[in-house]
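Colleague: Below are the sequence and a predicted model for it; my questions follow.
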Amino acid sequence: MPKFLMKRWHGMHHVWALVIIIALTLALAWYQWVLGLVGLMLTGAMGVYTIMAERAFHRDLKIYLGTLSHRIKKTGNEVISDLPFGILLFNEERVVEWHNPFVARMLDRDSAVGVPLSELFPTLQLKDRDKEDAIEITLGDRTYELLLNQGERLLYIRDITARVQMARRYEDEKLALGVVMMDNLEEVTQGMDDQQRAALLSKVTAEITEWAQRYQLYLRRLTSDRYLIITDHKTLKLLEASRFVILDEVREMTFDNKIPMTLSIGIASGAANVIELGRWVQASLDIALGRGGDQAAVKVGQRQTFYGGKSNAVEKRTRVRARVVAHALRDLIKDSDNIVIMGHRMPDMDAIGAAIGVLKAAHLFQKEACIVLEGVNPAIQKMMELLKDEEQLSKRFVTPEQAMGLVGPRTLAVVVDTHKASMVKEPKLLSLTDRIVVIDHHRRSEEFITNPVLIYMEPYASSTCELVAELLQYIHERVALDVTEATALLAGITVDTKNFSLRTGARTFEAASFLRRNGADSTLIQRMLKEDLEEFNKKADIIKHAVIHYEHVAIAVTEPGRKYSQLLIAQSADTLLNMTDVLASFVVAERTDGLIGISARSLGHMNVQIVMERMGGGGHLTNAAAQLEGSVTAAAAKLIGILDEIDKEEGLFE
């Protein structure tokens, strides 16, 4: 028993009381000795009683405390045994020394004492875990959280199955919105009478409705060619697992038509509120359409995923959009102080030709304009040599540093042949003005220039030069191009179409006809496209390494240490595409700047843009590329791995 209980100061009141009584009794005996004697006897009896009572108190207190200690110990053991979480002690060799019954029940064994932790929890790594942190493990259908105290060699285990299930249910029940659009309804129904059009719409609508019922989607028709879908995140994951089979079903169902019907789907989930979710849906649909349609763009949080995109974009037969964009561009040019035109880094003839066309549009309205060029590369060397003879044109090319001093708040920045801010020569220029125009023919990617005032993106177009040539016909009543300007635009079309053999439509030839009427010289273009013997031998050296995969895919991987220009890599991929039974070609080689360049080409049966996007690049359905760091061997292995993934997911060819 603690001494402070035995010798407590406040426990001396009995002694002091007896002392006072004895003193009073002695005082009484002084006056009357008989009464004093009686009082002294009573005082003695009271002292004996007090001593006996104090001893009894001490004895009872000891008994009570002993009982209480036993109860506490017993209760503690019961509590540890019945705790709703596990406690496990291990030694320095990471072997279990003791655990409570919760751990035994969790592991479904009588005892885990003497078993190494690595055997019980293989995912638990004790190295580099100086701080207390929690990890999750799954045993059977239960989920547990392990909290490690390395210093005390102690492991706490909590069953968090209910919490995990609630979190999963919360995620699964998040709202998902989407819009399904028939992206080529006008082109498909052109020339049909009302009865045929109604029959086609009814057929496609029935297919979409059946698909919605199959996946328990709420479907609501907005217009003749648009549908709203409402579902949850769990169902959205099922749609992604099916890779939006409705795209293939509608296309195959209408394949007998001159132009098959295709759908574009924009769908999103995981936004902070419904308003933001609606913006995500519209942005996803715009991206799907900007990539050529016939695909689904899914945005979940920060993740953007694309499905489909197996067919070429259908050429628009009406020029209404071209006329509207041309008039909007004309107004922007008139309302600007000056115009700065940029293409992508390492520009090709399409970028330079389109820039020259926009430069012509600026001069039609007497506006100062310049083209940003960081340097001459092999792809445009012969074109730039031709432009040197044109003093008025050649002096309009400025360096990125010079352009920085020309840009002001009322400067119009026109970006051609790309829509990625990271791909332009000087991205800082775009931050100096809010007046940005994008003209491009590539399929839209997730990255896009922020808040442009005018966008003209048509994936069906053969080249950006084709789009600019159409705009020039509507931007001014009288457009007269000189020979050099017209030749530069036609050269861009010629290069991107491989001499009008790929991705050409009626409007491609109409644009070429307009340029020819304005004096475009095809002989000059052939001179610009001529190869020298040394370059031809280098290209042959690349091609000899080609190996056929998947029966129709040619992959050429060059020898490590040998460097080639990007132009030569692209030309080699084009040449491989001309081989018998080759539907797609890939060339992997080290570039002169040390990066690994991959050029991809296809005849339209395979979407090489999807392949290159997974490699960190992008491009068009039939023409794409990527640049990455590392070795040629590693890049080739990654490419083949991605082709294997796509082949298992949905097949490589349409």
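Modeller: Looks like it came in fine. Numbering: from 1, shown residues only.
Colleague: any idea how far L652 is from N607?
Modeller: Using C-beta to C-beta, to the nearest Å, we find L652 at a distance of 9 Å from N607. Any C-beta I mention is one placed from the backbone N, CA and C, and that applies to glycine too.
Colleague: Those two - which one has more neighbours?
Modeller: N607 (31 against 24; other C-beta atoms under 10 Å).
Colleague: The more buried one and I555, how far apart?
Modeller: From N607 to I555 the distance is 16 Å (C-beta to C-beta).
Colleague: Could you double-check that V557 sits in contact with T633?
Modeller: Yes - between V557 and T633 there is a contact at 7.5 Å, judged by C-beta atoms under 8 Å.
Colleague: I figured V416 hits M457, correct?
Modeller: No - using C-beta under 8 Å, V416 makes no contact with M457, being 11.2 Å away.
Colleague: neighbour-wise, which of these two wins?
Modeller: Between V416 and M457, counted using other C-beta under 10 Å, V416 has the larger neighbour count: 32 against 21.
Colleague: for the more buried one, which residues make a bridge with it?
Modeller: Beta bridges link V416 to I439, judged by DSSP bridges.
Colleague: for it, what are its contacts?
Modeller: V416 is in contact with I341, M342, G343, A351, A354, A355, V358, I439, D440, T464, V468, counting by C-beta atoms under 8 Å, 6 or more residues apart in numbering.
Colleague: nearest to R517, of those?
Modeller: Compare each of the contacts of V416 with R517 using C-beta to C-beta and the shortest gap goes to V468, at 15.9 Å.
Colleague: how about the host helix or strand of that closest one: buried residues?
Modeller: In the assignment (DSSP states H and E), V468 maps to helix 464-475. By 16 or more other C-beta atoms under 10 Å, the buried positions in helix 464-475 come out as T464, C465, E466, L467, V468, A469, E470, L471, L472, Y474, I475.
Colleague: so can I have a markdown table of those residues showing pLDDT and distance to G140?
Modeller: As requested, the buried residues of helix 464-475 are exported to a markdown table (pLDDT from 0 to 100; distance: C-beta to C-beta, whole Å):
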| residue | pLDDT | distance to G140 |
| --- | --- | --- |
| T464 | 93 | 59 |
| C465 | 94 | 63 |
| E466 | 93 | 62 |
| L467 | 93 | 60 |
| V468 | 94 | 64 |
| A469 | 94 | 67 |
| E470 | 92 | 65 |
| L471 | 92 | 65 |
| L472 | 93 | 70 |
| Y474 | 89 | 69 |
| I475 | 88 | 70 |
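Colleague: Now tell me what touches the helix holding V468 from outside.
Modeller: With C-beta under 8 Å, 6+ apart, helix 464-475 has contacts from 319, 322-323, 325-327, 329-330, 350-351, 353-354, 357-358, 360-361, 364, 416-417, 439-441, 456, 458, 461, 479, 481, 489-493, 496, 507-508, 511-512, 514-515.
Colleague: And the helix or strand following it, what does it pack against?
Modeller: Using DSSP H and E, the next helix or strand after helix 464-475 towards the C-terminus is helix 483-496. Secondary-structure packing of helix 483-496 (3 or more C-beta pairs under 8 Å, 6 or more residues apart in numbering; DSSP states H and E): helix 349-364, helix 381-388, helix 464-475, helix 506-517, helix 522-528.
Colleague: and if we set it to 6 Å?
Modeller: Applying 3 or more C-beta pairs under 6 Å, 6 or more residues apart in numbering; DSSP states H and E, one finds that helix 483-496 contacts helix 349-364, helix 464-475, helix 506-517, helix 522-528.
Colleague: Can you check what angle separates that helix from helix 464-475?
Modeller: Using axes from the mean of the first three to the mean of the last three C-alpha atoms, to 10 degrees, the direction of helix 483-496 lies 140 degrees away from that of helix 464-475.
Colleague: Give the rounded mean pLDDT of helix 483-496.
Modeller: Averaged across helix 483-496, pLDDT comes to 92.
Colleague: list the buried ones in it?
Modeller: Applying a neighbour-count criterion of 16+ other C-beta under 10 Å, one finds 484-496 buried in helix 483-496.
Colleague: outside of that helix, which residues touch it?
Modeller: For helix 483-496, contacts defined as C-beta atoms under 6 Å, 6 or more residues apart in numbering pick out 349-350, 353, 356-357, 360, 390, 462-463, 465-466, 469, 512, 515, 518-521, 524-525, 528.
Colleague: For this structure, give me the ranges with low pLDDT.
Modeller: Along the chain, segments meeting pLDDT under 70 span 1-16, 28, 65-66, 68-81, 125-133, 310-318, 654.
Colleague: So which residue is dead centre in it?
Modeller: With distances taken as C-alpha atoms, centre = their mean, the residue of the chain nearest its centroid is R303 (3.5 Å).
Colleague: So what does it look like in phi/psi?
Modeller: The phi and psi values for R303, taken as degrees, to the nearest 10, are phi -90, psi 130.
Colleague: Kindly state the beta-bridge partners for it.
Modeller: Note on R303: beta-bridge partners by DSSP bridges are V300.
Colleague: if I look at it, how far off is G270?
Modeller: For R303, the distance to G270 - C-beta to C-beta - is 9 Å.
Colleague: How about D440?
Modeller: Taking C-beta to C-beta, one finds D440 at 29 Å from G270.
Colleague: who's more crowded, these two?
Modeller: Set D440 next to G270 and count neighbours by other C-beta under 10 Å: D440 wins out with 25 against 18.
Colleague: tell me the contacts of the more buried one?
Modeller: D440 neighbours (C-beta under 6 Å, 6+ apart): T418, H419, M457.
Colleague: Kindly recompute the last result at 7 Å.
Modeller: D417, T418, H419, M457, T464 (C-beta atoms under 7 Å, 6 or more residues apart in numbering).
Colleague: Which among the contacts of helix 464-475 count as buried?
Modeller: Here, 16+ other C-beta under 10 Å leaves 322, 325-326, 329-330, 350-351, 353-354, 357-358, 360-361, 364, 416-417, 439-441, 456, 458, 461, 479, 481, 489-493, 496, 507-508, 511-512, 514-515 buried among the contacts of helix 464-475.
Colleague: I'm done for today, thanks for sticking with me.
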